[in-house]
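Peer 1: I'll drop the sequence and a predicted model, then ask my questions.
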Amino acid sequence: MSRVTPTSGLRILYLISFLMSLSLIYVDIKYKPFEGIKNSYKSFLISSTYILKNITVEPFKYLYDVTKDKSTLRNEIRVLRTELDNIKISNFLISNDSKFFSNDELIKKILKLNNINKPFHIAKIKYFDLEKYYCCSKHRIIIKSLDQNNINFVGNPVINETGIIGQVIFENIASEVMLLTDTEHVIPVYSKDHYCNASGSGKPGVISCTFSKLLWQNGVEIGQKYFSSGMGGIYPKGILIGEVIDIKEIDNKTVKFDIGLIANPINSNILGVLGTK
Amino acid sequence: MKFTQSIKLLLIIFIANICESFLSPYLIKAFINLPITFLFFSMFLYKSKTNINPFYIFLIGLFVDIISDAPFGLNSALFCLMAYLINSYSNTFKLFSFFQICLFFSVSSFFYIGITQIFMNLENFSYAVLLISLIFNTVLFITISLLRINVMAIFKT
């Protein structure tokens, strides 16, 4: 039996559905009212994966561990690996401590706030959409703090052992981190006496700056290092963000240059959320 | 459409989306974008013996938007367009060769990739990704259809 081609009534239904879709796209891009639904779905996905893993994989893993003599050693390795990740992040902080924390009072305040001997909260990546990271402009990760206290991290910078990777923008069961390369993200950076707002390029590991030759005649050169300027109050001042990898002249007056980031979010599963609040 | 069939379709789309999210990070390094979810849905429409209600297609599109973290309505609009095209030309397809059908689906996926790139990756819109994906998808579909024909021929003899 052959299929009937759409009648005029059905065509109207198609048109209505299509127009509804277009209006939804417009509303979503303009006002972002569906972010909550998407985040709830992600939270649900993370929780259900965790529960499913606990029910299905973990008992077998446990049985396997019990039967094997090396289970204790394996647990120790796991603990040591987490500790190593912590130390790597600590080292990054220690090597930049004067830049992260301008005075002792702030350090004391943070230590008291965290009730631990580290000035950051350890968090673990729970969901990283690598597909979106490589293909699209939206670069986000979902992290979960290993801290038992319910602390609001919104606005706090996130680091790993290689450097700053982004900031927390949403907090629910888990925290959503906007990476520096997300096109909606802007970080104020400087090099010598040149300041600019570097926005995410949508490409992995690259952020971009634009300046007018009329305002800045000295220009930039390949390999020039850029640091966080601390303006805006989110990121600490003086942290190496990256170096210039490409310079393009958009027109006679405007120059756009790309900064290759030194921090790579794929490097490790363990992150640190700075407690600057 | 029956309830069980709907659940089956949603499940297939969900699994296809997971496969896509696993494969994409590797394929994109070679400038290839393979929209598995869209292709599975298109294949379902193509194979379907009846016309599916546009509102139902719209809802499936919304479901895909949620699971793929795309702007709300993007997949709905593209799915509606694809459904309209397939339903309109369902009888014409019977006159087409396998090669022509493969070309139709690869060109559809080409447009799908292009439009999703415009909405989701305008800053880094890449013609290389579009063209390489078109070639890759065409070759892949032709290979799959040829394999299918050959396997069927083996079983017939």
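Peer 2: Thanks, I have it.

Peer 1: which residue is nearest the middle of chain A?
Peer 2: A:L179 (3.2 Å; CA atoms, centre = their mean).

Peer 1: tell me what that residue is bridged to.
Peer 2: With DSSP bridges as the criterion, A:L179 is bridged to A:G166.

Peer 1: let me see the contact set for it.
Peer 2: Residues counted as contacts of A:L179 (CB atoms under 8 Å, 6 or more residues apart in numbering or on different chains) are A:Y133, A:H139, A:R140, A:I141, A:I165, A:G166, A:H185, A:G200, A:P265. C-beta: built from backbone N, CA, C; applies to glycine.

Peer 1: contact partners for the last one?
Peer 2: Read it as A:P265. Applying CB under 8 Å, 6+ apart, the residues near A:P265 are A:F128, A:Y133, A:I141, A:N160, A:I165, A:G166, A:L179.

Peer 1: the third one falls within a strand, correct?
Peer 2: Yes: remark: A:I141 belongs to a strand, assigned using DSSP: H, G, I helix; E, B strand; the rest coil.

Peer 1: before we move on, the earlier item: now the residue nearest to the centre of chain A: how far from chain B?
Peer 2: 14 Å (CB to the nearest CB, to the nearest Å).

Peer 1: repeat that for A:I46.
Peer 2: 13 Å.

Peer 1: helix, strand or coil for that residue?
Peer 2: Assignment for A:I46 (three-state DSSP): helix.

Peer 1: repeat for the one 5 residues further on
Peer 2: When the structure is reduced to helix, strand and coil (three-state DSSP), A:I51 reads as helix.

Peer 1: who are the contact partners of the residue of the stretch 1-150 of chain A found nearest chain B?
Peer 2: Per CB to the nearest CB, the residue of the stretch 1-150 of chain A with the smallest distance to chain B is A:L24, at 3.0 Å. Going by CB under 8 Å, 6+ apart, A:L24 touches B:L62, B:F72, B:G73, B:S76.

Peer 1: at 10 Å what do you get?
Peer 2: A:P33, A:F34, B:F58, B:G61, B:L62, B:D65, B:P71, B:F72, B:G73, B:L74, B:S76, B:A77 (CB atoms under 10 Å, 6 or more residues apart in numbering or on different chains).

Peer 1: how about stretch B:93-111: buried residues?
Peer 2: B:C102, B:L103, B:F104, B:F105, B:S106, B:S108, B:S109, B:F110 (16 or more other CB atoms under 10 Å in any protein chain shown).

Peer 1: state the distance from the nearest residue to the second one once chain neighbours are set aside to chain A.
Peer 2: Think B:L103. Excluding the flanking residues, the one nearest B:L103 by CB to CB, 6 or more residues apart in numbering or on different chains is B:T138, at 6.6 Å. The spacing between B:T138 and chain A, counted by CB to the nearest CB, is 20 Å.

Peer 1: which element is B:T138 on?
Peer 2: Using DSSP states H and E, the element containing B:T138 is helix B:127-156.

Peer 1: for B:F96, see how far away the closest residue to chain A within chain B is.
Peer 2: Relative to chain A, the nearest point of chain B is B:G73 (3.0 Å; CB to the nearest CB). According to CB to CB, to the nearest Å, B:G73 stands 31 Å off from B:F96.

Peer 1: mind listing the helices for the chain?
Peer 2: With no chain named, the answer covers chain A. A:8-31, A:35-67, A:71-95, A:97-100, A:104-114, A:130-135 (DSSP state H).

Peer 1: meant chain B actually
Peer 2: Going by DSSP H, chain B shows helices at B:3-27, B:36-47, B:54-68, B:74-88, B:98-120, B:127-156.

Peer 1: rebuild the contacts of A:P265 as TSV, extending it with pLDDT.
Peer 2: Below are these laid out as TSV (pLDDT from 0 to 100):
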residue	pLDDT
A:F128	88
A:Y133	90
A:I141	91
A:N160	85
A:I165	92
A:G166	93
A:L179	94
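
Peer 1: can you name the two of these that are farthest apart?
Peer 2: A:Y133 and A:N160 (14.6 Å; CB to CB).

Peer 1: looking at it, A:G238 is touching A:Y226, isn't it?
Peer 2: No: contact criterion CB atoms under 10 Å: A:G238 and A:Y226 do not qualify, at 11.1 Å.
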